[in-house]
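**Q** Model the following, please.
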Amino acid sequence: MAWVARRAQTTGHTTAPADGLTLERRSEGALPPLTVTVSSDETAIAALRPDYARLELACANTSPFNCFEWQFSWCRQLLSGNRRVVDSPIFHVVREASGACVAIVPLIRTVRTVGRLRVTSIGMLGADPGITEIRSPMVHPGYSAPVAEIIDASLPATGEWDWIQWFGACDEFASNLGRRREFVWDPLPPAHVLDLRASWEEFRFHLKRNIRESLRHCYNSLYRAGHRFDFVIASKSHELPVALDRFLHLHRLRAVLKGTVEHADHFLSLQSRIFLREMCERFASRDSLRVFQIEIAGNIVASRLGFVIGDNLYLYYSGFDPRWASYGVMTTLVAEAIKYAISLGLRTVNLSPGTDVSKLRWGPRQVPYQTACERSARWRSRIILQAYQAACSAEPAPGWLRHMMPGRRDWR
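**A** Here you go, the predicted structure:
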């Protein structure tokens, strides 16, 4: 059955790129007509908070990166506005005629300037140095096809952008959007999800032998050395300043540790730390933030951020004191966080995306994600994109293109 797109007058927090679109279905008993508006400033995005809340429930969302708290804080703190790189939000919000929100597609337009050359790209919110781990829209179940059509119609095929970098889950919406806009998805590192059981004992029994042995070593090594640990959780606003200071310190210690798997310090810049504190404060206000900590002899020796979203615990970045590495304090911390999730009756623990052994040894199931680069039909855009992609793969990149790379911001 066909969907017909036509222009419509929109109200509220709407700006370009589209005046608005309405979709009507040519059949009885179909879904109601949809409209799309574009929210492009802080006030307009702030007004979407109730829509995020309703859509989270409808979509059974388990990702902190899809939440209002994350995306609003990101726009407040991580949008670039320097001379060479200017970001602006163009959040596409799709509604029924009743006003009920059925999709939020958080896009960011980026204009890069090199001399007289202006390059415009569009991407999902989260073009940061590893801070936003998963980038995807929220689409109400059952609305994938019409939302894909109205998003396709609202983004002009040429003239206003040189390329669009899409991200998302391997789902019906992504499949519909890819077919309509004729681009091909490429895989990204999957997320790793643990399906919990009724008790820790039952969960542990089904683990692979190597991780069971590792757990036994972690707990016994501390006991044999005469150390007692406490599992401490900070979740309230008044606890955050100290807990986040400790987290940042331990995260930095892990990043500079030599002779092991390299880990970047994702919060080295002042800008990223300001974002972290604001975002965590917002999640704490909805009782979704957990700062998991291992304390030994009055000192926090390991810390990991977690988010309780729906029936899932998402484990975010971590840090530890290298002097306690031989005791496996990070493994102990993850085990204690899993026990905590089971005690809350949660169904899953997301260990985050990646391919490192610290995730795979728990035997998780993989949740695939994907990306696609859609180029404009203009010959100018094709040349620029080819040069840009060549620069991204070169070591080092040519100076005139260095400022045009994805995520190239003044993070200092």
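
**Q** burial count for Arg112?
**A** By other C-beta atoms under 10 Å, 21 other residues sit near Arg112. Every residue, glycine included, has its C-beta placed from N, CA and C.

**Q** Could I get the buried residue list for stretch 163-178?
**A** Applying a neighbour-count criterion of 16 or more other C-beta atoms under 10 Å, one finds 163-169, 172-174, 176-178 buried in stretch 163-178.

**Q** Check stretch 266-273 too.
**A** Within stretch 266-273, judged by 16+ other C-beta under 10 Å, the buried ones are 266-269, 271-273.

**Q** For the buried residues of stretch 163-178, which two are the farthest from each other?
**A** Using C-beta to C-beta, the pair of these lying farthest apart is Trp163 and Glu172, separated by 24.2 Å.

**Q** Contacts for stretch 268-279, please.
**A** 69-70, 73-74, 76-78, 128-129, 131, 240, 244, 248, 252, 255, 266-267, 411-412 (C-beta atoms under 8 Å, 6 or more residues apart in numbering).

**Q** if we can go back for a sec, can you tell me which of the buried residues of stretch 163-178 lies closest to Ala335?
**A** Ala335 lies nearest to Ala169 out of the buried residues of stretch 163-178, by C-beta to C-beta, at 28.0 Å.

**Q** any idea how far the spatially closest residue to the closest one that is not a sequence neighbour is from Gln389?
**A** Leaving aside its sequence neighbours, Ala169 sits nearest to Ser136 (C-beta to C-beta, 6 or more residues apart in numbering; 5.3 Å). Look at Ser136 and Gln389: by C-beta to C-beta, to the nearest Å, they are 23 Å apart.

**Q** now do Ala97
**A** For Ala97, the distance to Gln389 - C-beta to C-beta - is 42 Å.

**Q** Compare neighbour counts for those two and give me the winner.
**A** Gln389 (13 against 10).

**Q** Mind giving me the packing neighbours of the helix or strand the more buried one falls within?
**A** According to DSSP states H and E, Gln389 maps onto helix 379-393. When contacts are defined as 3 or more C-beta pairs under 8 Å, 6 or more residues apart in numbering; DSSP states H and E, helix 379-393 packs onto strand 117-124, strand 365-375, helix 399-402.

**Q** State the distance from the residue nearest to Ala169 to Trp74.
**A** Distance, Ser136 to Trp74, by C-beta to C-beta: 14 Å.

**Q** For this protein, give me the ranges with low pLDDT.
**A** 1-31, 157-159, 388, 391-412 (pLDDT under 70).

**Q** Tell me how far Thr215 lies from Val357.
**A** Quick fix: residue 215 is Leu, not Thr. Leu215 is 15 Å from Val357, by C-beta to C-beta.

**Q** Please say which of the two ends up with more neighbours.
**A** The neighbour count for Leu215 versus Val357, taken as other C-beta under 10 Å, is higher for Leu215 (17 against 10).

**Q** what's near enough to touch that one?
**A** 204, 207, 331-332, 335.

**Q** C-terminal to the particular helix or strand that has it in it, what's the next element?
**A** According to DSSP H and E, Leu215 maps onto helix 209-224. Downstream of helix 209-224, the next assigned helix or strand under DSSP H and E is strand 229-234.
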